[in-house]
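Colleague: Make a model of this:
(one chain, ligands or ions: 1)
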Amino acid sequence: MRAKGLSRAEVLARLKQAHEKDEKYADGKIFCSMCTTPHPAAKEAHELFCDANLGDPGLFSGSVQLEKEAVSSLAELLHGKSSFGFIVSGGTEANLLAMLAARNHAGVKEPEVILPESAHFSFNKICSLLKLKPVPAHLDEAFRGSPSHVKQLINKNTVAIVATAGSAELGAVDPIDRLSQIAVKHGVYLHVDAAFGGLVLPFLKELGYVAPEFDFQLEGVQSVTVDPHKMGMSTIPAGGILFRDSTYLECIKTQTPYLTEDSQYTFVGTRSGASVAAAWAVFESLGREGFQKTVHHCMELTTFLSSKLEALGFEVLLRPTLNIVAFRSANSKLLTDKLRVRGWFVSYVPRLDCVRIVLMPHSTRQHVEALLECLKELR
Ligand SMILES: Cc1ncc(COP(=O)(O)O)c(C=O)c1O
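Modeller: Reported below is the predicted structural model:
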């Protein structure tokens, strides 16, 4: 650390210099991210609540109230009549809390979790941390977890089945209705990772798209991850975990002897009230109508891009359910690298040897058309 501090102006100038180097969503070159430009209301809320610590809730009753309301908005959207939960640091922490609840509730000696290959890599970290044995389940031809294989894998050590509503790589939604039936029949905890899809799927039906069921309407679903910092256009970090009801809360509770309340339920101790306020502000500013418009925008771009890619002769892997397009060229890795040289950020998915493009709220028709022009040259 420097011996003497800089002036405020100098600090700001240095910050601006560093910020200049960051890519900007608004430039329209970022097609690989599941985060986006935060809604203006989220930014204001974040600044206003930047000192609020929900790890010590007795000091911040206003923030506590906002968290209750934000969680209740999510619960309503996901048909969770008696559900409750928390705004946490992201999808990883949300999934961690779900797995902790499932493991502790089951109380078996050698716990196993069934993870279709569509599951997010956060579950690898979580299994390692919680000493859970990951049991991989195959995918079907549409890259969705295979219910018949999941069924075969259940045994006395199975503490949870993980389903994904919007895989990070393809936006594929597992057949959660069938997985729910299996979970109910075998008395196994079913967690749905809708970190990305949880704020898209609830709006698809009204827009005329196919919208698979994925939430608490399905009897077997015990918890759902849904992240405000992805399609919720909130500031980072903001994940969401919702449990069907209070059954599992005791399983994730920790005593907090010296704080204003004697227990907490999240993994992170000092917890951002700013993120909660930001998520709340987006929900209140947009309402269902605003979210529907945003999802409509992203899905229109997705359909447009997908059809144009096919017309250009690329192999589109699957008809998109969510706002993600995956496609192959003769050499998808090389194509991704060439796009990068031209300033475009798309992902290469080695497991599927494909290019992945996420159409987020910051993308526009002009951005997509410019990307297509470049693809036309490079194909
Ligand atoms: C489906 C899914 N689950 C979990 C995560 C992890 O979320 P985070 O990066 O917020 O921890 C992601 C991130 O993209 C995701 O797409």
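Colleague: all strands for this protein, in order.
Modeller: Along the chain, counting by DSSP state E, strands occupy 84-88, 112-116, 133-137, 158-164, 189-193, 221-225, 239-243, 254-255, 263-264, 315-316, 324-328, 347-349, 354-358.
Colleague: Just put the ones you listed in JSON lines and tack on mean neighbour count, distance to the ligand and mean pLDDT.
Modeller: The way it works is simple: take the backbone N, C-alpha and C, and place the C-beta from them, glycine included. As requested, the strands of the chain are exported to JSON lines (neighbours: other CB atoms under 10 Å; distance: least, CB to the nearest ligand atom, whole Å; pLDDT from 0 to 100):
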{"stretch": "strand 84-88", "mean neighbour count": "26", "distance to the ligand": "9", "mean pLDDT": "96"}
{"stretch": "strand 112-116", "mean neighbour count": "26", "distance to the ligand": "12", "mean pLDDT": "98"}
{"stretch": "strand 133-137", "mean neighbour count": "16", "distance to the ligand": "15", "mean pLDDT": "98"}
{"stretch": "strand 158-164", "mean neighbour count": "28", "distance to the ligand": "6", "mean pLDDT": "98"}
{"stretch": "strand 189-193", "mean neighbour count": "29", "distance to the ligand": "5", "mean pLDDT": "98"}
{"stretch": "strand 221-225", "mean neighbour count": "29", "distance to the ligand": "6", "mean pLDDT": "98"}
{"stretch": "strand 239-243", "mean neighbour count": "29", "distance to the ligand": "5", "mean pLDDT": "98"}
{"stretch": "strand 254-255", "mean neighbour count": "10", "distance to the ligand": "20", "mean pLDDT": "95"}
{"stretch": "strand 263-264", "mean neighbour count": "16", "distance to the ligand": "19", "mean pLDDT": "95"}
{"stretch": "strand 315-316", "mean neighbour count": "15", "distance to the ligand": "20", "mean pLDDT": "98"}
{"stretch": "strand 324-328", "mean neighbour count": "24", "distance to the ligand": "10", "mean pLDDT": "98"}
{"stretch": "strand 347-349", "mean neighbour count": "18", "distance to the ligand": "11", "mean pLDDT": "98"}
{"stretch": "strand 354-358", "mean neighbour count": "25", "distance to the ligand": "9", "mean pLDDT": "98"}
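Colleague: of all those strands, which lies closest to E69?
Modeller: The closest of those to E69 is strand 84-88. By CB to CB, the value is 10.6 Å.
Colleague: gap between the closest one and the chain center?
Modeller: Between the centre of strand 84-88 and the centre of its chain there are 14 Å (CA atoms, centre = their mean, to the nearest Å).
Colleague: which outside residues touch that strand?
Modeller: Contact with strand 84-88 is made by 54, 67, 70-72, 74-75, 94, 97, 223, 228, 237-243, 245-246, 265-268, 271, 275-276, 279, as judged by CB atoms under 8 Å, 6 or more residues apart in numbering.
Colleague: Repeat that for stretch 294-302.
Modeller: With contact meaning CB under 8 Å, 6+ apart, stretch 294-302 is reached by 199-200, 203-204, 207, 209, 231, 233, 286, 320, 322-325, 359-361, 363-365, 368.
Colleague: Give me the ChimeraX select line for these, limited to the buried ones.
Modeller: Restricted to buried positions by 16 or more other CB atoms under 10 Å, the ChimeraX selection for the contacts of stretch 294-302 reads:
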select :199,200,203,204,209,231,233,286,320,322,323,324,325,359,360,361,363,368
